[in-house]
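Colleague: could you work out the structure for the sequence below:
(one chain, ligands or ions: 1)
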Amino acid sequence: MSASPARIEVVRADITTLEVDVIVNAANSRLVPGGGVDGAINRAAGPDLAKAMAGLGRCPTGEAVVTPAFKLKAKHVIHTVAPVYAQHPEKDVWRLLGSCYRNALGLAHDHKAHSIAFPSLGTGVYGIPIAQACKVAITEVQAHLATKPRPHHIVFCCFSESDAALYRAALESKEGY
Ligand code: ADP
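Modeller: As a prediction, the model looks like this:
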């Protein structure tokens, strides 16, 4: 059975409402539930998610770990840790952010996920400028899709219409980072 053709979509939504196999969380390296999208995912998944995260210990910046999704509609949550913009030289920010997307996509592939939703990693409290961060996200997803069959439905889930507009423009421009 062959996979359906790859599809990249930009939506404006609360990521916890999406019906996808994998929801990606913008976690902190201690894997302790925080604010922003991490808080929303933990509230929607229920307290078992925080216990599963605690059981994994730590996750270094740029890496990713997986847990069940508990009360969410998704099967798994993949937690990845974006770099804090102010704590790294610019070139390391892009390298580490790219690594978040690559590692999350690799784990989703290994867990046989067909669909995955990403929040705009690192662009909230961690302060990464979204105009460049969305180019990193799109470049890494396109590179993954060029070599791997899964996940073939990728959703960039933005919390505001202005963020979604930046992602859509970046998808159309096909400019790398
Ligand atoms: P980080 O600490 O990696 O910067 P944040 O959670 O502060 O993570 O923000 C990352 C992005 O997630 C921001 O663009 C923020 O607006 C967005 N966001 C916050 N809550 C949600 C949600 N429920 N669904 C989708 N995106 C969200």
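Colleague: so which residues on this structure come close to the ligand?
Modeller: Applying CB under 6 Å from any ligand atom, we find that the chain lies next to the ligand at 14-16, 26, 36-38, 40, 82, 119-126, 157, 159, 163. To be clear about C-beta, it is placed using only N, CA and C from the backbone, and glycine gets the same treatment.
Colleague: now, of these, which are buried?
Modeller: 15-16, 26, 37-38, 40, 82, 119-124, 126, 157, 159, 163 (16 or more other CB atoms under 10 Å).
Colleague: any idea which helix or strand carries residue 25?
Modeller: In the assignment (DSSP states H and E), residue 25 maps to strand 22-26.
Colleague: now for that strand, which elements pack on it?
Modeller: helix 36-45, strand 76-80, helix 90-110, strand 115-118 (3 or more CB pairs under 8 Å, 6 or more residues apart in numbering; DSSP states H and E).
Colleague: at 10 Å what do you get?
Modeller: Packing partners of strand 22-26 (3 or more CB pairs under 10 Å, 6 or more residues apart in numbering; DSSP states H and E): helix 36-45, strand 64-68, strand 76-80, helix 90-110, strand 115-118, strand 153-158.
Colleague: next, the angle helix 36-45 makes with the second one.
Modeller: Looking back up the chat, that one is strand 64-68. Counting by axes from the mean of the first three to the mean of the last three CA atoms, to 10 degrees, strand 64-68 lies at 20 degrees to helix 36-45.
Colleague: same check on the last one?
Modeller: Relative orientation of strand 153-158 and helix 36-45, computed by the same axes, to 10 degrees: 110 degrees.
Colleague: output the next helix-or-strand element following strand 153-158 as PDB, restricted to C-alpha atoms.
Modeller: Per DSSP H and E, strand 153-158 leads on to helix 161-173 as the next helix or strand towards the C-terminus. Taking C-alpha atoms only, helix 161-173 is exported to PDB below (Å, rounded to 0.1, in the frame of the first residue of the first chain):
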ATOM      1  CA  GLU A 161      -3.700  34.800  12.000                       C
ATOM      2  CA  SER A 162      -0.500  37.000  11.600                       C
ATOM      3  CA  ASP A 163       1.700  34.000  12.400                       C
ATOM      4  CA  ALA A 164      -0.200  31.800  10.000                       C
ATOM      5  CA  ALA A 165       0.200  34.500   7.200                       C
ATOM      6  CA  LEU A 166       4.000  34.400   7.800                       C
ATOM      7  CA  TYR A 167       4.100  30.600   7.400                       C
ATOM      8  CA  ARG A 168       1.900  30.700   4.300                       C
ATOM      9  CA  ALA A 169       4.200  33.400   2.700                       C
ATOM     10  CA  ALA A 170       7.300  31.300   3.600                       C
ATOM     11  CA  LEU A 171       5.800  28.200   2.100                       C
ATOM     12  CA  GLU A 172       5.100  30.000  -1.200                       C
ATOM     13  CA  SER A 173       8.500  31.700  -1.400                       C
END
